[in-house]
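Participant: sequence unknown, structure follows:
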Ligand code: SAM
């Protein structure tokens, strides 16, 4: 199937049926093998805080959730997660968190530059939400290599049903283009099956990604959280998420696509199936076990109890059982010149 020649209407039809799933998944696997073989890249995820000034209606760490103990990791905490991760073979650290004014540009730059100094063979990915150009530029100058910022949905009306009025799709998009201009490897993405989402919205997501041309694309099913206004909405399905992973692999043959924790949360073999549908990244949790449960973006999130080494071992076995192999490398996007910049 030549996915790139399909009209919006044809794409919509494919999204709405399970008729092509086997074909899509087999083709997606062939394409990932053409560019990446059986390699699966590791990202050590460090959830640096669950404090957030935003109030996204789907998110468990939204500002209005009063049923949550809030935490912040110190620079020393974060460095010791990296230390442990480095010993385990991780060569990318992802610092993710809510939008928390406590972490000023100076604090983030201090953390990033120290990680790069102590672990010069590693890439640093930030996922800290929407910031101004100066902040992104300062993080980049401090050594940050990559930035993850899902656009969440590329439809204005849908965006405004998922977010409070003070947030806008236009601003989120402009952040993504700024990050690209600053030379980051950029990741975007969306939730599958978020409340009010239609197949047309998913086509808009694909079209936006074609315009952005990101290096990484993260998608996962929406999963309701009990302390959010979306508690009673159904979650996204395994089938539709896998179909979207396969479509993304065919549209973006060289993209780095994670098989997400959310996929593993809705099905015991979700991450293995994600890899078979074209994903080529896994993100074991490196956060200190004492805070894991507090970074609950959605109900029943998995991997909140194990130490980093167990988490990595478990994922390694899962990756192998799916027919792929974890490689200990920075895992830059295909064609990226990884010489120090
Ligand atoms: N604050 C940063 C940002 O906005 O990009 C990073 C943290 S944010 C919690 C990370 C991602 O979690 C979001 O991009 C969103 O797609 C995902 N997420 C939040 N709530 C979710 C839910 N209920 N189900 C599935 N994914 C969710």
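Facilitator: That came through fine. Remember, it's a predicted structure, so these values are computed and weren't measured experimentally.
Participant: ranges for the strands of the stretch 201-341 of the chain?
Facilitator: If DSSP state E, counting those that start in this stretch is used as the criterion, the strands of the stretch 201-341 of the chain fall at 216-221, 281-282, 325-327.
Participant: longest single helix anywhere in this protein?
Facilitator: Counting residues, the longest helix found in the chain (DSSP state H) is helix 21-36.
Participant: hmm, back to that, and of the strands of the stretch 201-341 of the chain, who's closest to the ligand?
Facilitator: Set against the ligand and scored by CB to the nearest ligand atom, the strands of the stretch 201-341 of the chain come closest in strand 216-221, at 5.6 Å. All C-beta atoms are positioned from the backbone trio N, CA, C, and that covers glycine.
Participant: by contact count, what packs against the closest one?
Facilitator: For strand 216-221, the elements it packs on are strand 146-148, strand 185-192, helix 238-251, helix 261-266, judged by 3 or more CB pairs under 8 Å, 6 or more residues apart in numbering; DSSP states H and E.
Participant: dump these to JSON lines, plus distance to the ligand and mean pLDDT.
Facilitator: Output for those, formatted as JSON lines (distance: least, CB to the nearest ligand atom, whole Å; pLDDT from 0 to 100):
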{"stretch": "strand 146-148", "distance to the ligand": "7", "mean pLDDT": "98"}
{"stretch": "strand 185-192", "distance to the ligand": "5", "mean pLDDT": "98"}
{"stretch": "helix 238-251", "distance to the ligand": "10", "mean pLDDT": "98"}
{"stretch": "helix 261-266", "distance to the ligand": "5", "mean pLDDT": "97"}
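Participant: what's the burial count for the closest residue to residue 156 other than its chain neighbours?
Facilitator: Closest residue to residue 156 in three dimensions, ignoring its sequence neighbours and counting by CB to CB, 6 or more residues apart in numbering: residue 169, at 5.3 Å. Residue 169 has 20 neighbours, counted by other CB atoms under 10 Å.
Participant: can you offset everything so residue one is 840?
Facilitator: Understood, numbering begins at 840; the last thing we discussed is residue 1008.
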